[in-house]
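>>> Sequence plus the predicted model coming up.
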Amino acid sequence: MAKQRIVVGATGDGDEALAVARTLRDAGREVVLAGGGQSAEQLIRTALAEDADEVVVCGDVDFAALESVRDQLGAQHVRLTAAPGVTDPTRQDPL
């Protein structure tokens, strides 16, 4: 069975994204670290380029905008998830 491929990125500082990426990697997932300072479009384009199953977002993010970009770019198969500490009750903890 193939590992789940996850893009981890942050809209602000990338330190939190790095910590989340390490935790996911240690849990056996294949991780692509997009880093900090990413826009919604950059995160979705990275997920498409990397053939990712999921994008885990760290920092203050507008999930409606992220979902809109995902849909516009034809990436509906990519799951969007907030990292721990991101206040959006509709998102599940990826860890």
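Structure received. Numbers count the residues shown, from 1 in each chain.
>>> Run through who's touching the strand or helix carrying Val31.
Val31 belongs to strand 30-35 when assigned by DSSP states H and E. The contact list for strand 30-35, computed with CB atoms under 8 Å, 6 or more residues apart in numbering, reads 3-10, 14, 17-18, 21, 24-25, 42-43, 46, 50, 52. Using the backbone N, CA and C atoms, a C-beta is placed for each residue, glycine as well.
>>> the strands in this structure, which residues?
Using DSSP state E, the strands of the chain run over 5-10, 30-35, 54-58, 79-82.
>>> Next, work out how far apart Arg79 and Gly14 are.
21 Å (CB to CB, to the nearest Å).
>>> higher neighbour count, those two?
Between Arg79 and Gly14, Gly14 has the larger neighbour count (other CB atoms under 10 Å), namely 20 against 17.
>>> and the longest helix along the chain, what does it pack onto?
Longest helix in the chain by number of residues, with DSSP state H as the criterion: helix 15-26. Helices and strands touching helix 15-26, as assessed by 3 or more CB pairs under 8 Å, 6 or more residues apart in numbering; DSSP states H and E, comprise strand 5-10, strand 30-35, strand 54-58.
>>> got JSON lines for those strands, with mean neighbour count too?
Converted to JSON lines, those look like this (neighbours: other CB atoms under 10 Å):
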{"stretch": "strand 5-10", "mean neighbour count": "26"}
{"stretch": "strand 30-35", "mean neighbour count": "19"}
{"stretch": "strand 54-58", "mean neighbour count": "25"}
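>>> okay if I get those as JSON lines plus mean pLDDT?
Written out in JSON lines, the entries for the helices and strands packed on helix 15-26 read as follows (pLDDT from 0 to 100):
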{"stretch": "strand 5-10", "mean pLDDT": "94"}
{"stretch": "strand 30-35", "mean pLDDT": "95"}
{"stretch": "strand 54-58", "mean pLDDT": "93"}
